[in-house]
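Student: The following comprises the amino acid sequence and a computationally predicted model.
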Amino acid sequence: MTTYAILTHDFRLLTVEQNRLVLRHPGTSLSVDTLVCVERAGDQHSFRTADTSRSWFDFDTEQFGRAIPTGFFDLVPVPLYTGYHIRRGAKVLRADPSYFASFVEQEPSLWETFRLIPVHIAGLLCRLIDMKWSVNQAETTLSFSARRSTFSHLALGEYRVDLDAILDKMSRTSTIPKSFIFFDGWKPNKAVLINPAIVFVLFGYGRVLREFQVSTESLASLAHYDGDVIVISDLPEGHLRSLADPKIADRLHVVPMDGHDSADFLGARLSLFATDHLRQYQPIVYTDADIVFDRPLAPILIKGAHARFCSAQVEEHTDFKNSDSVGAWLYRQDSFRSDDRHGFNSGILLVPNLDDHGASLAAAFRTLVNYAAEHGRRDHPYFDQSVLNYVLYKLGDFSPSPVTEHTQVGYSDFPEQKPAQKGFVHFWNTHHKARDMAQYITWLRENSQVRD
(Lines give C-alpha, C1' and ligand atoms only; values in the text may rest on other atoms or scores of the structure.)
Protein backbone atom coordinates (compact mmCIF):
# COMPACT_ATOMS: atom_id res chain seq x y z
CA MET A 1 0.00 0.00 0.00
CA THR A 2 1.47 3.37 -1.08
CA THR A 3 1.92 6.06 1.54
CA TYR A 4 1.76 9.64 0.30
CA ALA A 5 3.41 12.87 1.38
CA ILE A 6 1.45 16.11 1.06
CA LEU A 7 2.70 18.99 -1.12
CA THR A 8 1.21 22.50 -1.02
CA HIS A 9 0.64 24.77 -4.01
CA ASP A 10 3.61 26.94 -2.92
CA PHE A 11 5.92 23.90 -2.78
CA ARG A 12 5.98 23.02 0.89
CA LEU A 13 5.65 19.59 2.47
CA LEU A 14 3.46 18.86 5.47
CA THR A 15 5.65 17.78 8.40
CA VAL A 16 5.37 17.23 12.12
CA GLU A 17 7.39 19.31 14.58
CA GLN A 18 6.74 19.12 18.31
CA ASN A 19 3.45 17.38 17.44
CA ARG A 20 2.24 20.30 15.31
CA LEU A 21 1.46 20.28 11.58
CA VAL A 22 4.21 22.43 10.10
CA LEU A 23 5.00 23.28 6.46
CA ARG A 24 8.61 23.11 5.21
CA HIS A 25 10.20 23.53 1.79
CA PRO A 26 11.84 20.38 0.41
CA GLY A 27 15.62 20.20 0.76
CA THR A 28 18.37 18.01 2.15
CA SER A 29 17.89 19.58 5.58
CA LEU A 30 14.38 18.12 5.71
CA SER A 31 14.27 14.58 7.10
CA VAL A 32 11.84 12.19 5.45
CA ASP A 33 11.03 10.89 8.95
CA THR A 34 9.32 14.21 9.74
CA LEU A 35 6.85 13.95 6.87
CA VAL A 36 3.13 13.68 7.55
CA CYS A 37 1.54 11.04 5.33
CA VAL A 38 -1.87 10.27 3.97
CA GLU A 39 -2.59 6.62 4.63
CA ARG A 40 -5.58 4.38 4.52
CA ALA A 41 -7.02 3.19 7.81
CA GLY A 42 -9.53 0.56 6.86
CA ASP A 43 -11.76 2.20 4.24
CA GLN A 44 -10.91 5.74 5.36
CA HIS A 45 -7.93 8.13 5.16
CA SER A 46 -6.07 9.65 8.05
CA PHE A 47 -2.69 11.25 8.90
CA ARG A 48 0.24 9.17 10.01
CA THR A 49 3.90 9.90 10.66
CA ALA A 50 6.56 8.59 8.27
CA ASP A 51 9.04 7.73 11.03
CA THR A 52 9.44 4.34 12.65
CA SER A 53 6.75 5.05 15.27
CA ARG A 54 4.11 5.19 12.48
CA SER A 55 1.69 6.82 14.93
CA TRP A 56 -1.72 8.21 13.93
CA PHE A 57 -2.98 11.78 14.25
CA ASP A 58 -5.41 12.60 17.05
CA PHE A 59 -7.89 15.12 15.63
CA ASP A 60 -9.13 16.02 19.10
CA THR A 61 -5.74 17.03 20.55
CA GLU A 62 -4.16 17.78 17.13
CA GLN A 63 -1.15 15.67 18.08
CA PHE A 64 0.38 12.40 16.89
CA GLY A 65 0.76 9.29 19.00
CA ARG A 66 -2.46 7.33 18.74
CA ALA A 67 -2.33 3.61 18.01
CA ILE A 68 -5.75 3.75 16.35
CA PRO A 69 -6.97 6.77 14.32
CA THR A 70 -9.42 9.07 16.08
CA GLY A 71 -10.71 10.71 12.93
CA PHE A 72 -10.76 10.54 9.17
CA PHE A 73 -11.00 12.86 6.18
CA ASP A 74 -12.10 12.75 2.56
CA LEU A 75 -9.87 13.39 -0.43
CA VAL A 76 -11.85 15.59 -2.83
CA PRO A 77 -10.27 15.59 -6.32
CA VAL A 78 -9.32 18.91 -7.92
CA PRO A 79 -8.69 17.89 -11.56
CA LEU A 80 -7.35 21.29 -12.63
CA TYR A 81 -4.27 20.83 -10.42
CA THR A 82 -4.17 17.02 -10.28
CA GLY A 83 -4.64 17.59 -6.59
CA TYR A 84 -7.06 17.28 -3.70
CA HIS A 85 -8.91 19.19 -1.03
CA ILE A 86 -8.54 17.42 2.31
CA ARG A 87 -11.99 17.74 3.86
CA ARG A 88 -13.15 16.73 7.33
CA GLY A 89 -16.84 17.46 7.76
CA ALA A 90 -17.40 21.16 7.17
CA LYS A 91 -13.67 21.96 7.43
CA VAL A 92 -10.83 21.74 4.91
CA LEU A 93 -7.10 21.62 5.51
CA ARG A 94 -5.45 24.99 4.85
CA ALA A 95 -1.78 25.68 4.20
CA ASP A 96 -1.28 28.93 6.04
CA PRO A 97 1.11 31.46 4.43
CA SER A 98 3.12 31.18 7.64
CA TYR A 99 4.44 27.74 8.63
CA PHE A 100 1.36 25.99 9.95
CA ALA A 101 -1.51 23.92 8.59
CA SER A 102 -4.94 23.53 10.17
CA PHE A 103 -8.53 22.65 9.39
CA VAL A 104 -10.73 25.70 8.77
CA GLU A 105 -14.33 26.39 7.74
CA GLN A 106 -14.20 28.17 4.36
CA GLU A 107 -14.58 27.63 0.66
CA PRO A 108 -11.43 25.90 -0.62
CA SER A 109 -8.98 27.74 -2.90
CA LEU A 110 -5.32 27.20 -3.83
CA TRP A 111 -4.31 27.45 -0.16
CA GLU A 112 -6.53 24.45 0.49
CA THR A 113 -5.34 22.43 -2.52
CA PHE A 114 -2.66 19.75 -2.17
CA ARG A 115 -0.84 17.18 -4.28
CA LEU A 116 -0.06 13.69 -3.01
CA ILE A 117 3.39 12.27 -3.75
CA PRO A 118 4.69 8.82 -2.72
CA VAL A 119 6.90 9.24 0.34
CA HIS A 120 9.99 7.73 -1.29
CA ILE A 121 9.60 10.14 -4.24
CA ALA A 122 9.24 13.05 -1.81
CA GLY A 123 12.57 11.94 -0.29
CA LEU A 124 14.19 12.04 -3.72
CA LEU A 125 12.64 15.46 -4.34
CA CYS A 126 14.25 16.78 -1.15
CA ARG A 127 17.67 15.71 -2.45
CA LEU A 128 17.08 16.86 -6.03
CA ILE A 129 16.19 20.41 -5.00
CA ASP A 130 19.65 21.14 -3.57
CA MET A 131 21.66 19.57 -6.41
CA LYS A 132 23.52 21.45 -9.13
CA TRP A 133 22.68 21.28 -12.82
CA SER A 134 24.36 22.40 -16.03
CA VAL A 135 21.81 23.52 -18.63
CA ASN A 136 22.68 23.30 -22.33
CA GLN A 137 26.38 22.59 -21.58
CA ALA A 138 26.85 25.90 -19.74
CA GLU A 139 30.09 26.11 -17.71
CA THR A 140 28.17 27.39 -14.69
CA THR A 141 25.60 25.52 -12.66
CA LEU A 142 22.07 26.25 -11.51
CA SER A 143 20.08 24.95 -8.54
CA PHE A 144 16.35 24.77 -8.03
CA SER A 145 14.73 27.46 -5.93
CA ALA A 146 12.21 25.89 -3.57
CA ARG A 147 10.77 29.29 -2.64
CA ARG A 148 10.02 30.17 -6.28
CA SER A 149 8.64 26.73 -7.16
CA THR A 150 5.03 25.50 -7.10
CA PHE A 151 3.35 22.11 -7.13
CA SER A 152 3.21 22.45 -10.94
CA HIS A 153 6.62 23.85 -11.87
CA LEU A 154 10.14 23.97 -10.44
CA ALA A 155 12.21 27.14 -10.71
CA LEU A 156 15.69 26.39 -12.12
CA GLY A 157 17.44 29.70 -12.51
CA GLU A 158 15.20 31.61 -14.90
CA TYR A 159 13.70 28.41 -16.28
CA ARG A 160 10.42 26.75 -15.29
CA VAL A 161 10.57 22.95 -15.29
CA ASP A 162 7.42 20.83 -15.37
CA LEU A 163 7.26 19.03 -12.02
CA ASP A 164 5.21 16.13 -13.40
CA ALA A 165 7.98 15.24 -15.86
CA ILE A 166 10.52 15.09 -13.03
CA LEU A 167 8.22 13.09 -10.75
CA ASP A 168 7.41 10.64 -13.54
CA LYS A 169 11.10 10.05 -14.26
CA MET A 170 11.90 9.50 -10.57
CA SER A 171 8.90 7.18 -10.20
CA ARG A 172 10.12 4.99 -13.07
CA THR A 173 13.71 4.74 -11.85
CA SER A 174 13.44 5.38 -8.06
CA THR A 175 16.55 7.53 -8.43
CA ILE A 176 17.44 11.15 -9.08
CA PRO A 177 17.81 11.59 -12.86
CA LYS A 178 21.32 12.16 -14.23
CA SER A 179 19.74 14.43 -16.86
CA PHE A 180 16.37 15.57 -18.13
CA ILE A 181 14.96 17.51 -21.06
CA PHE A 182 12.50 20.33 -20.53
CA PHE A 183 10.91 22.98 -22.71
CA ASP A 184 10.79 26.76 -22.63
CA GLY A 185 7.86 27.26 -24.95
CA TRP A 186 8.91 25.44 -28.12
CA LYS A 187 12.61 25.50 -27.19
CA PRO A 188 14.12 22.27 -25.81
CA ASN A 189 16.71 22.39 -23.02
CA LYS A 190 18.81 19.70 -21.39
CA ALA A 191 19.85 19.79 -17.73
CA VAL A 192 22.71 17.53 -16.64
CA LEU A 193 23.36 16.68 -12.99
CA ILE A 194 26.67 17.87 -11.53
CA ASN A 195 27.30 15.71 -8.47
CA PRO A 196 31.00 14.81 -8.63
CA ALA A 197 33.21 12.43 -6.70
CA ILE A 198 37.01 12.34 -6.60
CA VAL A 199 38.36 8.83 -5.90
CA PHE A 200 41.75 7.92 -4.41
CA VAL A 201 43.30 4.53 -3.58
CA LEU A 202 45.62 4.44 -0.55
CA PHE A 203 47.12 1.31 0.98
CA GLY A 204 49.58 1.25 3.88
CA TYR A 205 51.58 3.99 5.58
CA GLY A 206 54.11 4.78 2.84
CA ARG A 207 55.07 7.97 1.03
CA VAL A 208 51.75 7.98 -0.78
CA LEU A 209 50.08 9.46 2.33
CA ARG A 210 52.19 12.60 2.11
CA GLU A 211 51.32 12.86 -1.60
CA PHE A 212 47.65 12.50 -0.69
CA GLN A 213 48.02 15.25 1.89
CA VAL A 214 49.49 17.68 -0.65
CA SER A 215 47.00 16.65 -3.33
CA THR A 216 43.97 17.37 -1.14
CA GLU A 217 45.51 20.70 -0.17
CA SER A 218 45.48 21.68 -3.85
CA LEU A 219 42.01 20.17 -4.30
CA ALA A 220 40.64 22.45 -1.60
CA SER A 221 42.64 25.66 -2.03
CA LEU A 222 43.42 25.78 -5.76
CA ALA A 223 40.62 23.72 -7.32
CA HIS A 224 37.95 24.98 -4.87
CA TYR A 225 36.34 21.55 -4.99
CA ASP A 226 33.15 21.19 -2.95
CA GLY A 227 32.07 17.61 -3.74
CA ASP A 228 32.67 14.26 -2.08
CA VAL A 229 36.04 12.51 -1.83
CA ILE A 230 36.00 8.70 -1.81
CA VAL A 231 39.10 6.85 -0.58
CA ILE A 232 39.62 3.12 -1.05
CA SER A 233 41.93 2.14 1.79
CA ASP A 234 42.91 -0.25 4.55
CA LEU A 235 43.49 2.71 6.88
CA PRO A 236 41.05 4.15 9.45
CA GLU A 237 38.77 6.91 8.19
CA GLY A 238 39.74 9.16 11.11
CA HIS A 239 43.41 8.93 10.19
CA LEU A 240 42.78 9.76 6.54
CA ARG A 241 40.58 12.69 7.50
CA SER A 242 43.35 14.02 9.72
CA LEU A 243 45.70 13.97 6.71
CA ALA A 244 43.29 15.57 4.26
CA ASP A 245 42.91 19.32 3.96
CA PRO A 246 40.40 20.50 6.63
CA LYS A 247 38.10 21.86 3.90
CA ILE A 248 37.91 18.35 2.45
CA ALA A 249 37.90 16.22 5.62
CA ASP A 250 34.15 16.38 6.36
CA ARG A 251 33.36 15.23 2.81
CA LEU A 252 35.84 12.34 2.83
CA HIS A 253 34.39 8.83 2.90
CA VAL A 254 36.39 5.62 3.13
CA VAL A 255 35.55 2.37 1.33
CA PRO A 256 37.41 -0.31 3.36
CA MET A 257 39.49 -2.79 1.34
CA ASP A 258 42.55 -4.87 2.17
CA GLY A 259 45.49 -5.02 -0.19
CA HIS A 260 48.29 -7.60 -0.02
CA ASP A 261 49.78 -7.72 -3.51
CA SER A 262 50.04 -5.64 -6.65
CA ALA A 263 46.84 -7.11 -8.06
CA ASP A 264 44.97 -5.72 -5.04
CA PHE A 265 46.73 -2.36 -5.11
CA LEU A 266 46.26 -1.85 -8.84
CA GLY A 267 42.82 -3.40 -9.19
CA ALA A 268 41.06 -1.84 -6.20
CA ARG A 269 39.51 0.99 -8.14
CA LEU A 270 38.12 -1.40 -10.75
CA SER A 271 36.61 -3.45 -7.93
CA LEU A 272 34.80 -0.33 -6.68
CA PHE A 273 33.74 0.78 -10.16
CA ALA A 274 32.15 -2.64 -10.69
CA THR A 275 29.71 -1.98 -7.81
CA ASP A 276 26.88 0.54 -7.38
CA HIS A 277 28.74 2.41 -4.62
CA LEU A 278 29.43 5.38 -6.93
CA ARG A 279 26.16 5.18 -8.84
CA GLN A 280 24.82 8.49 -7.49
CA TYR A 281 27.78 10.54 -8.73
CA GLN A 282 28.31 12.38 -12.01
CA PRO A 283 31.08 12.71 -13.04
CA ILE A 284 33.51 10.42 -11.21
CA VAL A 285 37.23 11.20 -11.36
CA TYR A 286 39.78 8.67 -10.17
CA THR A 287 43.19 10.27 -9.50
CA ASP A 288 46.48 8.90 -8.27
CA ALA A 289 47.73 10.61 -5.12
CA ASP A 290 50.55 12.33 -7.04
CA ILE A 291 48.18 14.82 -8.72
CA VAL A 292 48.13 18.57 -8.11
CA PHE A 293 44.88 20.31 -9.02
CA ASP A 294 46.05 23.75 -10.15
CA ARG A 295 42.90 25.62 -11.22
CA PRO A 296 39.19 25.69 -10.33
CA LEU A 297 37.85 22.26 -11.16
CA ALA A 298 34.16 23.06 -11.70
CA PRO A 299 34.31 23.80 -15.47
CA ILE A 300 36.27 20.59 -16.09
CA LEU A 301 33.78 18.55 -14.06
CA ILE A 302 30.90 20.04 -16.04
CA LYS A 303 32.64 18.99 -19.27
CA GLY A 304 33.08 15.54 -17.76
CA ALA A 305 29.40 15.23 -16.86
CA HIS A 306 28.44 16.09 -20.45
CA ALA A 307 31.08 13.75 -21.94
CA ARG A 308 29.99 10.73 -23.98
CA PHE A 309 33.01 8.55 -23.17
CA CYS A 310 35.46 7.76 -20.39
CA SER A 311 38.56 9.94 -20.59
CA ALA A 312 42.23 9.92 -19.55
CA GLN A 313 45.49 11.55 -20.61
CA VAL A 314 46.82 10.21 -23.90
CA GLU A 315 50.57 9.50 -23.84
CA GLU A 316 52.00 10.44 -27.21
CA HIS A 317 55.20 8.46 -26.60
CA THR A 318 53.18 5.21 -26.48
CA ASP A 319 51.57 3.03 -29.12
CA PHE A 320 48.57 1.02 -27.95
CA LYS A 321 49.41 -1.92 -30.23
CA ASN A 322 53.10 -2.05 -29.33
CA SER A 323 53.64 -0.51 -25.86
CA ASP A 324 53.10 -2.99 -23.04
CA SER A 325 52.53 -0.23 -20.48
CA VAL A 326 49.24 0.61 -22.23
CA GLY A 327 47.93 -2.86 -23.01
CA ALA A 328 49.83 -4.12 -26.06
CA TRP A 329 50.49 -7.45 -24.32
CA LEU A 330 46.74 -7.97 -24.05
CA TYR A 331 46.10 -6.75 -27.59
CA ARG A 332 48.59 -9.30 -28.92
CA GLN A 333 46.55 -12.05 -27.28
CA ASP A 334 43.22 -10.69 -28.52
CA SER A 335 43.66 -8.32 -31.45
CA PHE A 336 40.66 -6.46 -32.76
CA ARG A 337 40.01 -3.86 -35.40
CA SER A 338 41.57 -0.65 -34.19
CA ASP A 339 43.13 2.41 -35.74
CA ASP A 340 46.71 3.23 -34.86
CA ARG A 341 46.46 5.19 -31.63
CA HIS A 342 48.40 6.21 -28.58
CA GLY A 343 47.73 4.59 -25.24
CA PHE A 344 46.57 6.52 -22.20
CA ASN A 345 47.81 6.99 -18.66
CA SER A 346 45.07 5.87 -16.27
CA GLY A 347 46.41 7.87 -13.31
CA ILE A 348 43.53 10.25 -14.00
CA LEU A 349 40.40 8.49 -15.20
CA LEU A 350 37.19 10.43 -15.73
CA VAL A 351 33.98 8.40 -15.87
CA PRO A 352 30.93 10.51 -16.80
CA ASN A 353 28.64 8.25 -14.75
CA LEU A 354 28.05 4.58 -14.02
CA ASP A 355 24.57 4.47 -15.56
CA ASP A 356 26.09 4.73 -19.04
CA HIS A 357 29.65 3.50 -18.41
CA GLY A 358 29.36 1.08 -15.52
CA ALA A 359 29.16 -1.89 -17.89
CA SER A 360 32.52 -0.93 -19.44
CA LEU A 361 34.18 -0.61 -16.03
CA ALA A 362 32.60 -3.86 -14.83
CA ALA A 363 33.97 -5.53 -17.97
CA ALA A 364 37.44 -4.19 -17.12
CA PHE A 365 37.17 -5.62 -13.60
CA ARG A 366 35.99 -8.98 -14.89
CA THR A 367 38.81 -9.05 -17.46
CA LEU A 368 41.38 -8.35 -14.75
CA VAL A 369 39.96 -11.01 -12.42
CA ASN A 370 39.58 -13.67 -15.10
CA TYR A 371 43.05 -13.05 -16.54
CA ALA A 372 44.59 -13.28 -13.08
CA ALA A 373 42.66 -16.50 -12.38
CA GLU A 374 43.84 -18.06 -15.63
CA HIS A 375 47.45 -16.82 -15.65
CA GLY A 376 48.14 -16.23 -11.95
CA ARG A 377 48.40 -13.10 -9.83
CA ARG A 378 51.86 -12.39 -11.16
CA ASP A 379 53.22 -8.91 -10.92
CA HIS A 380 52.71 -6.73 -13.93
CA PRO A 381 53.86 -3.11 -13.61
CA TYR A 382 50.82 -1.69 -15.42
CA PHE A 383 48.17 -4.37 -14.92
CA ASP A 384 45.11 -2.14 -14.37
CA GLN A 385 46.25 0.51 -16.86
CA SER A 386 46.78 -2.16 -19.51
CA VAL A 387 43.38 -3.68 -18.84
CA LEU A 388 41.68 -0.27 -19.02
CA ASN A 389 43.35 0.58 -22.34
CA TYR A 390 42.50 -2.81 -23.81
CA VAL A 391 38.87 -2.90 -22.60
CA LEU A 392 37.89 0.73 -23.18
CA TYR A 393 39.42 0.76 -26.66
CA LYS A 394 37.84 -2.56 -27.59
CA LEU A 395 34.41 -1.50 -26.29
CA GLY A 396 34.63 1.94 -27.88
CA ASP A 397 34.24 3.80 -24.60
CA PHE A 398 37.23 6.16 -24.58
CA SER A 399 38.02 9.70 -25.66
CA PRO A 400 41.10 11.82 -24.90
CA SER A 401 38.80 14.75 -24.11
CA PRO A 402 38.38 16.36 -21.68
CA VAL A 403 41.23 14.96 -19.54
CA THR A 404 44.11 15.18 -22.04
CA GLU A 405 43.76 18.91 -22.74
CA HIS A 406 43.57 19.61 -19.00
CA THR A 407 46.61 17.56 -17.91
CA GLN A 408 50.33 18.28 -17.71
CA VAL A 409 53.17 16.04 -16.53
CA GLY A 410 55.05 17.36 -13.51
CA TYR A 411 58.74 16.90 -12.82
CA SER A 412 61.46 18.10 -10.46
CA ASP A 413 61.57 21.93 -10.31
CA PHE A 414 58.31 22.14 -12.30
CA PRO A 415 57.55 24.60 -13.82
CA GLU A 416 60.46 26.20 -15.65
CA GLN A 417 58.22 29.06 -16.73
CA LYS A 418 54.71 30.32 -15.93
CA PRO A 419 52.49 27.22 -16.14
CA ALA A 420 49.33 26.99 -18.19
CA GLN A 421 47.39 25.83 -15.12
CA LYS A 422 45.27 23.43 -17.15
CA GLY A 423 43.69 21.64 -14.18
CA PHE A 424 45.74 18.51 -13.42
CA VAL A 425 49.50 18.12 -13.00
CA HIS A 426 50.58 14.49 -12.73
CA PHE A 427 53.93 14.11 -10.93
CA TRP A 428 54.55 10.49 -11.97
CA ASN A 429 57.87 11.42 -13.60
CA THR A 430 59.77 12.50 -10.47
CA HIS A 431 61.52 10.66 -7.63
CA HIS A 432 60.40 13.11 -4.90
CA LYS A 433 56.74 13.46 -5.67
CA ALA A 434 55.41 15.04 -2.48
CA ARG A 435 58.27 17.55 -2.31
CA ASP A 436 57.90 18.59 -5.94
CA MET A 437 54.11 18.79 -5.63
CA ALA A 438 54.39 21.04 -2.57
CA GLN A 439 57.01 23.23 -4.27
CA TYR A 440 54.70 23.72 -7.24
CA ILE A 441 51.81 24.79 -5.01
CA THR A 442 54.12 27.25 -3.25
CA TRP A 443 55.31 28.57 -6.62
CA LEU A 444 51.70 29.11 -7.72
CA ARG A 445 50.85 31.04 -4.59
CA GLU A 446 53.95 33.22 -4.83
CA ASN A 447 53.80 33.89 -8.56
CA SER A 448 50.22 33.51 -9.70
CA GLN A 449 48.37 35.36 -6.95
CA VAL A 450 46.52 32.19 -5.96
CA ARG A 451 44.37 32.68 -2.87
CA ASP A 452 42.99 30.02 -0.52
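Tutor: Done, it's in.

Student: what secondary structure does Leu30 sit in?
Tutor: Secondary structure for Leu30, judged by DSSP: H, G, I helix; E, B strand; the rest coil, is coil.

Student: ok, it - contacts?
Tutor: Leu13, Thr15, Arg24, Cys126 (Cβ atoms under 8 Å, 6 or more residues apart in numbering). Using the backbone N, CA and C atoms, a C-beta is placed for each residue, glycine as well.

Student: Quick one: mark the members of these that sit in helices.
Tutor: Cys126 (DSSP state H).

Student: Now render the contacts of Leu30 as TSV, adding distance to Glu105, neighbour count and pLDDT.
Tutor: Formatted as TSV, the contacts of Leu30 follow (distance: Cβ to Cβ, whole Å; neighbours: other Cβ atoms under 10 Å; pLDDT from 0 to 100):
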residue	distance to Glu105	neighbour count	pLDDT
Leu13	25	24	98
Thr15	24	23	95
Arg24	26	18	96
Cys126	32	22	96
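
Student: wait, Leu392 sits on Phe398?
Tutor: Yes - counting by Cβ atoms under 8 Å, Leu392 touches Phe398, with 4.0 Å between them.

Student: Can you check which residues contact both of these two?
Tutor: The contact sets of Leu392 and Phe398 overlap at Cys310 (Cβ under 8 Å, 6+ apart).

Student: how about the strands of the stretch 151-300 of the chain, start to end?
Tutor: 153-156, 159-162, 179-184, 187-194, 197-202, 228-233, 252-256, 284-287, 291-293 (DSSP state E, counting those that start in this stretch).

Student: out of those strands, deepest packed?
Tutor: strand 291-293 (a mean of 27; mean count of other Cβ atoms under 10 Å).

Student: Reformat the strands of the stretch 151-300 of the chain as JSON lines; add mean pLDDT and distance to Gly83.
Tutor: Formatted as JSON lines, the strands of the stretch 151-300 of the chain follow (pLDDT from 0 to 100; distance: least, Cβ to Cβ, whole Å):
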{"stretch": "strand 153-156", "mean pLDDT": "98", "distance to Gly83": "14"}
{"stretch": "strand 159-162", "mean pLDDT": "97", "distance to Gly83": "15"}
{"stretch": "strand 179-184", "mean pLDDT": "95", "distance to Gly83": "21"}
{"stretch": "strand 187-194", "mean pLDDT": "97", "distance to Gly83": "25"}
{"stretch": "strand 197-202", "mean pLDDT": "97", "distance to Gly83": "38"}
{"stretch": "strand 228-233", "mean pLDDT": "97", "distance to Gly83": "36"}
{"stretch": "strand 252-256", "mean pLDDT": "97", "distance to Gly83": "39"}
{"stretch": "strand 284-287", "mean pLDDT": "98", "distance to Gly83": "39"}
{"stretch": "strand 291-293", "mean pLDDT": "98", "distance to Gly83": "48"}
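
Student: Fine, thanks again, bye for now.
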